[in-house]
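Novice: Here is my input, please return the structure:
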Amino acid sequence: MHNGVMQMDAENTAGSAEDLIIAVEHIVRYVRQNSRAGELSTAASSALGRLSREGPQRLTDLARAEGVSQPNMTQLVTRMERADLVRRVADATDGRSVLVEATETGLDVFHRRRAERADALQLLVAELTEPEQQAVRTALPALARAIQDRRTRS
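Specialist: Alright, predicted model coming up:
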């Protein structure tokens, strides 16, 4: 990356793990700052994204997947319900359980945020040289696959 995000000399283009995490943190921050749809908190955006990708979930499962306590997830879901981003529905397989699912409004916000983030990333990548662009297009999906592989092994 250039413009001071990561200072690496020509002989060390791979960078250390610390250089890479600093770059990832900068990229994530940049992309998040350039997505405004729904004016969501990071926690709400993450939970809505998970519901959009994975479908309805029990509140306890959603809390576990998001790495927060059940009381915190309950408060977050309540706020998201008030904003018509999610709703609680009966679990068809267990009448005693409730699932949290994204509403049409929530899905719309999720898709608009995803488009804003994609546009922000595309603008950033467009500033790179062609070899750097190709490296990004190769490396990021490879890292995403590695993450998915870890999840399926767990």
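Novice: Give me the below-cutoff pLDDT ranges for the protein.
Specialist: 1-15, 38 (pLDDT under 70).
Novice: rerun that using 50 as the cut-off
Specialist: Within the chain, the stretches with pLDDT under 50 are 1-11.
Novice: just the strands in it please.
Specialist: Along the chain, the stretches classed as strands by DSSP state E are 57-58, 86-91, 94-102.
Novice: what's the nearest residue to the spatially most central residue of the chain if we skip its chain neighbours?
Specialist: Centrality entry for the chain: nearest residue to the mean C-alpha point is Ser46, 5.5 Å, by Cα atoms, centre = their mean. Once flanking residues are discounted, Ser46 sits nearest to Glu66: 6.0 Å by Cβ to Cβ, 6 or more residues apart in numbering. To be clear about C-beta, it is placed using only N, CA and C from the backbone, and glycine gets the same treatment.
Novice: correct me, but that neighbour touches Gly49?
Specialist: No: Glu66 is beyond contact range of Gly49, at 9.9 Å (criterion: Cβ atoms under 8 Å).
Novice: In this structure, mark out all the helices, start to finish.
Specialist: 17-33, 42-54, 59-66, 70-82, 104-126, 130-153 (DSSP state H).
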